[in-house]
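J.: structure of the sequence below:
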Amino acid sequence: MPSSSPQDIYEAARKIFKRDNRSGDCIELLEQALKIRPNHTNSILLYIEYIRENQGEIPALKRSWIEICKHKNDKKLYLQRADILEQVYGGIFSAQWCKAAQEMFPSDATILYRYAKALFRDDYNLKASLAWVGRALEIKPAQIDALRLKVAILVKLGSLPAALACCTEGLNAHPKETILRLRKGEIKDQLFGSKRAAKWYAELVKEFPDEIRFRYELCKYQIKSGWLNSASQTLRGVPEKNKEDYQFLNMRSEIAHLNADDKLASSNIQIALSRARREGNARQELLFLVKASQISPKSASAVRILELLRSGCELRDTHAVTIFHFLEQWSNSNAPAEFLEILIKNGHLKISLAKVLFLRWVRHLPDHEVDAQLAKFCCICTKELATKIVQSPDFSNLPSKLKIKKLRNGKKLTLTTYNEVIAVAAIIDALGKVELSLRLLRRGLRRWPSIPSMMFAYTRSLARYGRLQEVLDELKFYDQNKVIAHDRYAEIKAHLQFQLGNRLPLIKLTAKKINTRPGNIDRNDERLMLLNLPQGDLHGRAISRIINASTNKSNISMHRAPTINGGLANEISIYKKHSLPSSAITAHAVAIVDRHVEQLDAPKATKRYVSKIPKHIMQYWSNGRPGLEVAEIMSSWKYLPGYKYELFDKRSAADYIAGVAGVSWVRAFKMCRSAAEESDFFRLLWLIHNGGIYADSDDRVILTPDPLLAAANHTLLYQENTGTIGNNFMATVRRHPLFELAASMARESLIRRESENTWGKTGPGLITRATAKFLSCGEEERGILIVKHCQIGRFIQMHLPLPYKKKASYWDAKGKNSSRLYTSTIDELARNLSAGRSI
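T.: Numbering: from 1, shown residues only. I've put the predicted structure just below:
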């Protein structure tokens, strides 16, 4: 029996926990220790660790919070909670908690270091991390963990000379520190090359002959520098007990392979494989099988590789490519598919690499297997992987004998369920091959005529392709045959008629829904009502209900509400601001745009008719290089035949503006509060001074825009379904007065620091107001063509869902008073309507 001292009881409990972390004796002893001394820190920490191991992280977090509330001055509890938060939620939550701990212990070097470490994780905030680790070193200069972290941060930031100086400083304070010596060698390699790194490790081997890691690094950099004889000599100096270590066997095989002695290389690999099998080390066995597949493919076993992967062995990305190539060349045709399936199911493969391997595999499949493999792929892969693959330009460039040609020839499909048909159709549709997707869905509809989801998938594709009348005809057939409910049919029909230009059915339907279900009002209802409010189509009481419901609903994002309300208020007040004719004062900007919307003029859209709009495409991405998903969508514009392409970032855009516009325009650009505002403002200036086409980074071109440009002649705009002008795709000639007006209005708003939201300040709200003013002033239209969204949809897939658009920081201008200002404006409008007064 342990003594009555809490520390002795804790020591006994710790021994039991190390031996068996699920033992009930451990928790009994800890409870006994805490009864004697409730604030015994070590017992509390072990108690929380026991809960974490046996009940999970969330109960452990709850318990840690209870203990922190009891013992607020115990920093060990704060640090333990930071560890659990980092494991469960990642570095951001851990950083927030460490910040709270830092405020509690402002002069504690350990807390400051942990805060800096949390900021460093996942590159959350490197500069702030550097500042906080600097403060920790000011308090405790010799803290080795803080020195290591500072070096890592400086390397990440690219300050290699400073990192090298920090390593030297740390080694002066800690002469026996090994990790800093290794880091110094890595930095020397990056700064001066592998030869300087090899010389550094040669000095270390002389100084510390028994340190195996230094000898291994020396050999690695000697091989990298091409000094194979020196590397062989270094390996001869390895102690006998370490000669069969995996790392040195790998080095010997590498040197032999570089010296064209594959027999010796294979011999070393076989020694390593035998040792790994003897010890049951699956990871090392897999690594040396990868090595064997490179050096001596006949000695590598494809069956054994797949067995190890099935058992849960993880694989590096570079090794995955090597094995895939080996399986393609040296095994049966099913092995690459089986290899991919294992990695995708286990989640051991990066999404981008899985995409590359999948495309490479499908390209070599015989024609009759493609359908079945695509269906299987739809079932096993994650949604993220499916999106990556189907958005890849490589997928659309597959040989014509594959899936798409089969669909075109009308051969029998091998897809066995309607869900698989819908999934494959979505893949083809995402590639921009809408017509082929329609053919597949049409055939699926014949096979499963009574499945509503199949019918909706088909009609959605028709609508996306601009064939709205066909959708109405199709839905009418299903309504008559009672396949879908009549209410559902009426709702879809009203939305389609709205896109065709007839808004009244949808307005009536929405008003009816609001009157019957006032508590169930969504954002689309609110937006529709507000945009039609000045036309007097709805009763003021219904408007008041919408506003009250939207104000009280918590699921409406803060940046969305001022967008709608602010856009409406601006569009109504534009006429008073610019002293337009009295006949237009009570009109709505959208109503003016409506009167100028036209159909595409097919006779003009011929090869003989040459547009005056330059074939020059511009896109914008604010910071750094676009991510893989965005870059793949942008590539549809970049490689469009016959068009010049330019991509600007924030720096190059500022340089362009300084060169063509002047200081006041550069000042306005620098005052943009978000990436969306920068893009909105810059596209206007570029179109003024250059002319051509602007397209957002989330829009994919699926057909050449030549017919659009030919029909437009001078300027092409499109009307969104809500009636406003979209600014994500615009085409115009150089120096068009409409864009000069819009740019001037945007510049004034930015320089005056208006608290207006992005949508109204530089986005579609601005373009709508500028277009309405331009069309209302009696000027010549200068070849402006405004078409409907559905007509543009035949050529461009717009607003594809991408992760960066979900961030409020991308869209928000963050005006402090904008929401309150626009809500009060709309309330006043609603009261006037209810009282029967004019606006």
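
J.: from here on, contacts and neighbour counts on C-alpha atoms
T.: Noted.

J.: for the stretch 251-400 of the chain, what spans make up the helices?
T.: Assigned by DSSP state H, counting those that start in this stretch, the stretch 251-400 of the chain shows helices spanning 262-279, 282-295, 302-310, 317-330, 335-346, 351-363, 370-380, 383-390, 393-396.

J.: check which element follows the helix or strand hosting F729 along the chain.
T.: Assigned by DSSP states H and E, F729 belongs to strand 725-732. The helix or strand immediately downstream of strand 725-732 is helix 737-751, counting by DSSP H and E.

J.: tell me the angle that following helix makes with strand 725-732.
T.: For helix 737-751 against strand 725-732, the angle by axes from the mean of the first three to the mean of the last three C-alpha atoms, to 10 degrees is 130 degrees.

J.: who touches helix 737-751?
T.: Contact partners of helix 737-751, identified using C-alpha atoms under 8 Å, 6 or more residues apart in numbering, comprise 665, 667-669, 671-672, 681, 684-685, 687-688, 761-762, 766-767, 770-771, 774.

J.: give me the buried subset of the residues you listed.
T.: Buried members of these, counted by 16 or more other C-alpha atoms under 10 Å: 665, 667-669, 671-672, 681, 684-685, 687-688, 761-762, 766-767, 770-771, 774.

J.: could you chop this protein up by domain?
T.: Following automatic domain parsing, the chain resolves into domains at 369-465, 501-583+814-839, 588-806.

J.: worst average pLDDT in these?
T.: Among the domains of the chain, domain 501-583+814-839 carries the lowest mean pLDDT, a mean of 44.

J.: separation between L160 and C167?
T.: 10 Å (C-alpha to C-alpha, to the nearest Å).

J.: okay, the two: which has more neighbours?
T.: C167 (24 against 19; other C-alpha atoms under 10 Å).

J.: by contact count, what packs against the helix or strand the more buried one falls within?
T.: Under the criterion of DSSP H and E, C167 resides in helix 160-173. Secondary-structure packing of helix 160-173 (3 or more C-alpha pairs under 8 Å, 6 or more residues apart in numbering; DSSP states H and E): helix 144-157, helix 178-192.

J.: give me the helices and strands touching the helix or strand following the last one, please.
T.: To tie it back to what came earlier, the one meant is helix 178-192. The helix or strand immediately downstream of helix 178-192 is helix 194-207, counting by DSSP H and E. Under the contact criterion of 3+ C-alpha pairs under 8 Å, 6+ apart, helix 194-207 touches helix 178-192, helix 212-225.

J.: is it correct that L709 is in contact with H616?
T.: No. Taking C-alpha atoms under 8 Å as the definition, L709 is not a contact partner of H616, at 11.5 Å.

J.: before we move on, back to that, by mean pLDDT, show me the worst of the helices of the stretch 251-400 of the chain.
T.: For the helices of the stretch 251-400 of the chain, where the average pLDDT is lowest is helix 393-396, sitting at a mean of 44.

J.: can you map out the helices along the stretch 701-839 of the chain?
T.: Under DSSP H, counting those that start in this stretch, the stretch 701-839 of the chain gives helices at 706-712, 737-751, 758-761, 764-776, 789-792, 808-811, 818-834.

J.: any weak-confidence spans in the stretch 101-250 of the chain?
T.: 122-124 (pLDDT under 70).

J.: look up how far S274 lies from K241.
T.: Counting by C-alpha to C-alpha, the gap from K241 to S274 is 17 Å.

J.: neighbour-wise, which of these two wins?
T.: Higher neighbour count among K241 and S274: S274, with 13 against 7, using other C-alpha under 10 Å.

J.: so R625 sits in a helix?
T.: No. If the criterion is DSSP: H, G, I helix; E, B strand; the rest coil, then R625 is coil and not within a helix.

J.: show me the contacts for S622.
T.: 648-650, 675, 678-679.
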